[in-house]
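S.K.: how would this look folded up:
(4 chains)
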Number of protein chains: 4
Amino acid sequence: MTNKITVGVIGIGRIGKLHIDNILAMKQVEIKCVVDPYIDQAADWLEERHITSYSTDHSLLFSDKEINAVLICSPTDTHITYINLAIENNMHIFCEKPISFFDDETLTAYNAIKNSNLKVQIGFNRRFDHNYDQVKELVLQKQIGDLHLLRITSRDPEPPNHDYVKHSGGLFMDMSIHDFDMARFISGCEVTEVYATGAALIDPSIKEFGDVDTAIIQLKFENGALGVIDNSRQAKYGYDQRIEAFGSNGSAESDNDTKTQVHLTNEAGVISNPPLHFFLERYENAYQAELKGFFNSIEQNSEPSCTFLDGIMAQRIAQAAKESLETGLPVKVKTV
Amino acid sequence: MTNKITVGVIGIGRIGKLHIDNILAMKQVEIKCVVDPYIDQAADWLEERHITSYSTDHSLLFSDKEINAVLICSPTDTHITYINLAIENNMHIFCEKPISFFDDETLTAYNAIKNSNLKVQIGFNRRFDHNYDQVKELVLQKQIGDLHLLRITSRDPEPPNHDYVKHSGGLFMDMSIHDFDMARFISGCEVTEVYATGAALIDPSIKEFGDVDTAIIQLKFENGALGVIDNSRQAKYGYDQRIEAFGSNGSAESDNDTKTQVHLTNEAGVISNPPLHFFLERYENAYQAELKGFFNSIEQNSEPSCTFLDGIMAQRIAQAAKESLETGLPVKVKTV
Amino acid sequence: MTNKITVGVIGIGRIGKLHIDNILAMKQVEIKCVVDPYIDQAADWLEERHITSYSTDHSLLFSDKEINAVLICSPTDTHITYINLAIENNMHIFCEKPISFFDDETLTAYNAIKNSNLKVQIGFNRRFDHNYDQVKELVLQKQIGDLHLLRITSRDPEPPNHDYVKHSGGLFMDMSIHDFDMARFISGCEVTEVYATGAALIDPSIKEFGDVDTAIIQLKFENGALGVIDNSRQAKYGYDQRIEAFGSNGSAESDNDTKTQVHLTNEAGVISNPPLHFFLERYENAYQAELKGFFNSIEQNSEPSCTFLDGIMAQRIAQAAKESLETGLPVKVKTV
Amino acid sequence: MTNKITVGVIGIGRIGKLHIDNILAMKQVEIKCVVDPYIDQAADWLEERHITSYSTDHSLLFSDKEINAVLICSPTDTHITYINLAIENNMHIFCEKPISFFDDETLTAYNAIKNSNLKVQIGFNRRFDHNYDQVKELVLQKQIGDLHLLRITSRDPEPPNHDYVKHSGGLFMDMSIHDFDMARFISGCEVTEVYATGAALIDPSIKEFGDVDTAIIQLKFENGALGVIDNSRQAKYGYDQRIEAFGSNGSAESDNDTKTQVHLTNEAGVISNPPLHFFLERYENAYQAELKGFFNSIEQNSEPSCTFLDGIMAQRIAQAAKESLETGLPVKVKTV
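M.R.: All right, here's what the predicted structure looks like:
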């Protein structure tokens, strides 16, 4: 741990800021440069953190020979451009999900990465969550025997605005993609087929964008197990994130985190805390851990826990789910 | 409540005996006659209960003018015969699920029932369970707002033997049919389409009988809500019976009953009771309540809580699920 | 089990009626006679149950040679009279708690019982509760190692009226006496010393009767373990009945029973069922089991699970607690 | 928040190191000097953190005019000396609990503090815990109505070694003192009388030091409410930290924090996580929050949340408990 890792950050939205603050608490990493087309709006925020090198021009970042690694936190449709630039400039890559909306450009980048020595990690933060990690561990240890059924519940506290919906790639690509990755992570196995149903029950007007806000997606796994994901854009009680892995010997189930372990008992019943309301609270530790994992894999020259291929596969399940919703038929997931 | 209801029972298997014992504890009802082709094997059991009128010949029962109501607890393929005889002899009918494996004979009986004044109740005991009843109540009161998602988990503690499997009509008709009824009961709405996946993961040899032991069934409701049922023939930890109704304002969830509320905390963690192991324990109260409901509807000339039509609709969902499993495609549920 | 046990019941208040209904559901027992000074008020209730032999005169009962056993459910200050009459007439005795307010008459009766072959059981129903029984079992099996601390919470849903308070013998003799018995039952060991504090926080006017409605009682056990009981006459959320046995290897804890296992999650949090509200619901099974236990001990000529001596010892702890409250000092419990 | 607070730390044991690491993550505070008689053993640890000014001689610290505040983390018997030096040198004081074993020196210091403008905070970290803070809030809001009963459970995962026991001041002064402070914090009211029982059940040999490892302490509050604390030096399952505040309208209860919300269900039952094992994990956030609170009170010239008087009162309850254990009698708590 003698040399610090020097990092450039692309995109200064909510998630970019989150990563920057997490990096500032790490002794082994230094932020050298931040770029964003609207960087001016974040100037004060950056100065407060003593980050003085920032620009609207990403070439400032990619031309800096001291930068070892880049965090891509910009909108999805710009990811591949920055990934390619990072590969060209020999920079390790941490890229937010999804990699891209298009398969061909993703595969081209995938081939370039395979021919490099670069570490590339995709931002599926839930792999680093204490609860999901524990379920994964119990499955790996065969404490539930062989996996038979996997149930994932994933519900947001409130729907995004129309503008976000329009550019999100749809529920499956934007939101369920985390669950598709969880399905692969927990099962340790590929998803081969999906069948999706969906509806616009919260905000019927999003049908205009061809999107849904409520969905159930059924999964078939390569090893014969079955899975199901249920999604909603609006759980009034908070961010509902649960998983159950059921197998030949038992079941491992992860419930929601809460702010306190306090309950009030009165004439209305026993009232305990709802799930944490927001993904930033729920996955606060996971976001820290995923970056630590990324930087460790650079330092130790080891494979990241969530690879580019993991990103591709989650994306393909999302694409299959979208096709299933459109056709009303089960759809096979393309293999790489 | 001046005149007792006089009852005949057809079929002296496990469920027939259960109902007889429950009736013996009711003051308003008298058991007059019990018939079964193998009645001799139960002679001691009946004598112990002071039931002295029993026979292998069902005509003893149907010719008895004092009998007002009949409980049909025989194998499914005999149900319709006994239902028709009961109608002919003007006897109220409590019939175990499923009504029949065939649609045409069920409809013929349905028409005859509609033209009669008879009370007919189908044995979906879970409608009388304290937990499910509470969820239903919360949904009815709109405490969850509008229903968006319905999740049902229903897992048996151990698989039936091959002989049972062969005559059961398959997982969907034998086991999931309870869940199909629950889906209609809780939502208060028809299921319009199903998509089912299944696998023989516990005992691959049941594939010979064209059956599965693990399944996920997706449901579309008439009102736009989505549902999903997961089934397993073997939850090593007991009889797992849970439901969640999620809606625009929140979620109502029913967890498993347990034997005690005691937990032991030691170095291994906090160990609490598994679900009750067997359906007879779990639904002990529900079995009593469903018969009370049936007899009350006779006395008060009111509609039973679980009608013949409810039986038909659950059966049709089961048939659609079976077809979906066979074709790999979503299947519309036939309306009556 | 050839001959039925024939029973007489003294006292037709709430608890007398409860026992009568429980006995009516038992095949092995017959109620022959019921006596109470105000029996007329219960005439209809008795006739409905086909009990035709009842009187204001208890000699009707004690002179009936067919009666084998008597249930004493009358006010505490009459218990000893009836106990003595039962002994004289060679009738087995089930007597509600407490046996008496006075030590000398209790001891006299105790000696008479020791010289008889009669089965005598005191009505500490909680010994027959599924939860407490499970805690007892875990303690016996040494699953918690050696007992170090015993915590008992026992709170009523609402305070009794002043008239009841006046004749109750005070909180410790009327209510905590159940907890004193639990302390002995769970620990399997005598209580040697108590220290009690109490206050009239719910209804200050009961101070007139020298009583309290809120109390904490500390216990020292013969084996060195420590215990504590907390009591309240009014838990607005229901009948709160919990216990924790903590030892060298862990802890066994019993939580409250609830009506359902359903919880509603909404913006207010996760709302689950409060404790069952009333002792008749909470201990419904325990009341049935204690009578079954009593009748079994008669049939099988075995020692009842809750003996006259158990009744004496609980009473002595109650007396010591009362003295402690009055003197403000710890008080030794008298041994027999 | 323009000028940093400059801090000196006295004592580099476990708790001193914890505070130093927490301060290093705070932007508003700088550590200037660390002193400890055995500082050499921590030299590497300090250098790693770029702390270069350290000494065995505390005059280095107290003569440094740049230092505004001092953290006293040395053994209890040195606290008063350092407190007095800090007062003399006009330094704000954060002092670990207990302040001292002797009342007179504590009172002398108290008078000096009252005549100064210094901020003095005592290290009762639990006041800053998310769970206890929530219970306090519910009590303050009268969500439980008026407080009637307060129950505190506080059990360590393993007993300290004999050397620690010898210098600890005994269970009440070392361990229960946190619970005494909690009793005052949650109730918002003084404790007027205590009655304590205790035993050496885990390690009988600590009787030599006049100490106990298992105890129950009963409390009377000024407002008439009653309280009880149970302590054990060894809960095999982890650090057990619970509280219940029961009142005229309901109850607020705080359960243990756990590492995950995952449970495994198998033939043994439902197995969930034990309490966090160690106080450093359980109160990780509380330790950070108490220092933030201290520094904020310096910056904003406001009263600390846990004052010197709070320290005195907890100490007096501990002294009364000790006297009660020795005399076997209830003991009044001295007022200031």
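
S.K.: Buried residues of stretch A:273-284, list them for me.
M.R.: A:Asn273, A:Pro274, A:Pro275, A:Leu276, A:His277, A:Phe279, A:Arg282, A:Tyr283, A:Glu284 (16 or more other CB atoms under 10 Å in any protein chain shown). All C-beta atoms are positioned from the backbone trio N, CA, C, and that covers glycine.

S.K.: I meant to write stretch A:113-122 there.
M.R.: A:Ile113, A:Leu118, A:Lys119, A:Val120, A:Gln121, A:Ile122.

S.K.: quick one: average confidence on it?
M.R.: In this model, stretch A:113-122 has a mean pLDDT of 97.

S.K.: From the rest of the structure, what touches it?
M.R.: If you take CB atoms under 8 Å, 6 or more residues apart in numbering or on different chains as the criterion, stretch A:113-122 is touched by A:69, A:83, A:86-87, A:90-97, A:99, A:290, A:293-294, A:297-298, A:303-308, A:310-311, A:314.

S.K.: Quick one, which of those are buried?
M.R.: Burial by neighbour count, 16+ other CB under 10 Å: within the contacts of stretch A:113-122 this picks out A:69, A:83, A:86-87, A:91-97, A:99, A:290, A:293-294, A:297-298, A:304-308, A:310-311, A:314.

S.K.: Which members of those are positioned in strands?
M.R.: A:Ala69, A:His92, A:Ile93, A:Phe94, A:Cys95 (DSSP state E).

S.K.: The stretch 201-336 of chain A against chain D: which residues are in contact?
M.R.: Within reach of chain D by CB under 8 Å from any CB of the partner chain, the stretch 201-336 of chain A has these residues: A:249-257, A:259-267.

S.K.: And the stretch 1-150 of chain A, by the same measure?
M.R.: A:Ala25, A:His130, A:Asn131, A:Gln134, A:Val135, A:Leu138, A:Gln143, A:Ile144.

S.K.: Distance of the second one relative to A:Ala289?
M.R.: In this structure, A:His130 and A:Ala289 are separated by 9 Å, where distance is defined by CB to CB, to the nearest Å.

S.K.: And those two? Which one has more around it.
M.R.: Neighbours were counted for A:His130 and for A:Ala289 using other CB atoms under 10 Å in any protein chain shown; A:Ala289 has more, 19 against 16.

S.K.: quick one, what contacts that one?
M.R.: A:Phe128.

S.K.: got a pLDDT number for it?
M.R.: 97.

S.K.: any idea how far chain B is from it?
M.R.: Distance, A:Ala289 to chain B, by CB to the nearest CB, to the nearest Å: 23 Å.

S.K.: Next: A:Asp156.
M.R.: 13 Å.

S.K.: and the helix or strand containing A:His79, which residues are buried?
M.R.: If you go by DSSP states H and E, A:His79 is part of helix A:79-88. Neighbour-count burial for helix A:79-88, counted by 16+ other CB under 10 Å, picks out A:His79, A:Ile80, A:Thr81, A:Tyr82, A:Ile83, A:Leu85, A:Ala86, A:Ile87.

S.K.: quick one: secondary structure of the spatially closest residue to the fifth one that is not a sequence neighbour?
M.R.: Excluding its sequence neighbours, the residue lying closest to A:Ile83 (CB to CB, 6 or more residues apart in numbering or on different chains) is A:Ala109, at 5.0 Å. Of the three states, A:Ala109 takes helix under DSSP: H, G, I helix; E, B strand; the rest coil.

S.K.: Which parts of the stretch 1-150 of chain A are strands?
M.R.: Remark: strands assigned in the stretch 1-150 of chain A by DSSP state E, counting those that start in this stretch are A:5-10, A:29-35, A:54-55, A:69-72, A:92-95, A:120-122, A:147-155.

S.K.: Show me what the first one is packed against.
M.R.: In other words, strand A:5-10. The contact analysis (3 or more CB pairs under 8 Å, 6 or more residues apart in numbering or on different chains; DSSP states H and E) places strand A:5-10 against helix A:14-24, strand A:29-35, helix A:59-62, strand A:69-72, helix A:284-299.

S.K.: and what of the longest one?
M.R.: Secondary structure elements in contact with strand A:147-155, counted by 3+ CB pairs under 8 Å, 6+ apart, are helix A:177-187, strand A:214-221, strand A:226-232, strand A:240-247, strand B:147-155, strand B:214-221, strand B:226-232.
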